[in-house]
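Asks: Structure, please.
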Amino acid sequence: MTAHVLARIDDAAEVASESVMPAVAKGLALVAQHLQKSFGGNRVLRDLSLDVPAGQFVAIIGRSGCGKSTLLRLLAGLDQPSGGRLSFDNDEAKTARQTVRMMFQEPRLLPWSRILANVEVGLGASRGTAEGRARALAGLREVGLEDRRHEWPSVLSGGQKQRVALARALVSRPRVLAFDEPLGALDALTRISMQRLLERVWQDQRFTAILVTHDVAEAVTLADRVVMIEEGQIALDLAVGLPRPRERGSAEVAALEGAILRHLFRNSLPGEDA
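Replies: Residues are numbered from 1 along each chain as shown. Presented below is the predicted three-dimensional model:
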C-alpha cells in the first residue's frame, strides 16, 4: 500500500481547496518526522511524518488499530516514540508539551468531587486559588454549565459530562488540544451539539486541534484537513476548504465524505477503483 497518496483522489475532492485558518493562531505548530512506535514486536507507527501549522484543526481517521490513538499519545507525551522526531514550534523540549492537553472518549471525572472541583483539576498549580476558581467558572460558562457547578458528576448526562471534561482541558489554556474519540459514546443529537461546541471553542481560542474520529462526516464537518492513517503511515492528506459553519449532509460535505470512504474501502469493496 503506497503512503502519502495525493489528496486529489477523485472529482469529488475538487471542492476542497486551501484550508481557512483562524485569523490569529495561538496554537503550536507541530512537526512529526519519521515517527515510529512499537509495542514489543508489534510495529504500530511506521515512518509517519506530519506537519501541522499553528491553529489548524486536523481530523485523523482510519481503521481500528491503524495507529490513530498511538499518535495522539505521542503528541501528548503519554508515550515516547521508538524512533523519529516530534517537535512543537521547533522545540523538542518537554516544556512545549506542558501546553498539550488530551480529551478521551470517557470523561474521566472524579465522582467524589463536584463539577467545579473537577474543572479545577486542570489548573495544576493554580488549583485552589481565587484566580483558579475564576478560570474554572469561566470554563464552565464557556461550555454552558456554570449553573451546574455545585452538582455531582453522577447527575449529569453523557454529553454534559463531556462538556465538563472539555472545560477541564480548556482552563489550562492549551496550545494543542488532542481529542481521542470524545464524542463516540454520545447519541446522535448530543453529538451534533458537541461538534458545534468544539468548533466554536476552537474558533474562539485558536489552539491547534487534533481530532481522532471514526466518523468521516464529523471529520469533514469540523476539520480544515483530514488525514488518513493506514498500516501506521499517512495514506491520505486532504484539505477541506468548505466555508464554516458546515451542514452535515450537505452536498459538499457528502461529496468529500464519499471520496474519503471510497479511498478507505478501495481494497475491500468489490468494484471500487484502487
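
Asks: wait, H263 sits on L236?
Replies: Yes - between H263 and L236 there is a contact at 5.7 Å, judged by CB atoms under 8 Å. To be clear about C-beta, it is placed using only N, CA and C from the backbone, and glycine gets the same treatment.

Asks: what's the distance between Q203 and R196?
Replies: 11 Å (CB to CB, to the nearest Å).

Asks: Then E142?
Replies: 13 Å.

Asks: ok, the two, which is more surrounded?
Replies: E142 (19 against 13; other CB atoms under 10 Å).

Asks: Run through the residues that contact the more buried one.
Replies: For E142, the contact set (CB atoms under 8 Å, 6 or more residues apart in numbering) comprises 167, 170, 201, 204.

Asks: Can you select the buried ones among those residues for me in PyMOL?
Replies: Buried residues within those, by 16 or more other CB atoms under 10 Å, are selected in PyMOL with:
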select buried, resi 167+170+201
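
Asks: Show me which pair in the contacts of E142 is furthest apart.
Replies: A167 and D204 (13.1 Å; CB to CB).

Asks: For stretch 249-260, which residues meet the burial criterion?
Replies: Residues of stretch 249-260 classed as buried under the neighbour-count rule (16+ other CB under 10 Å) are 252-253, 255-257, 259-260.

Asks: These in helices, which ones?
Replies: The members of those that map onto helices under DSSP state H are 252-253, 255-257, 259-260.

Asks: Considering only helices and strands, which part of the chain has the lowest mean pLDDT?
Replies: helix 94-97 (a mean of 60; mean pLDDT, DSSP states H and E).

Asks: hmm, back to that, include distance to L222 when you put the contacts of E142 into a markdown table, please.
Replies: Listed next are those as a markdown table, based on distance: CB to CB, whole Å:
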| residue | distance to L222 |
| --- | --- |
| A167 | 19 |
| L170 | 17 |
| V201 | 11 |
| D204 | 15 |
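
Asks: quick check, nearest of the contacts of E142 to E181?
Replies: Nearest member of those to E181, counting by CB to CB, is V201, at 17.5 Å.

Asks: returning to that earlier point: which element is encountered next along the chain beyond the least confident helix or strand of the chain?
Replies: strand 100-103 (DSSP states H and E).

Asks: max-length helix in this protein?
Replies: helix 188-205.

Asks: so where is the chain shaky, pLDDT-wise?
Replies: Low-confidence segments of the chain (pLDDT under 70): 1-25, 92-97, 125, 267-274.
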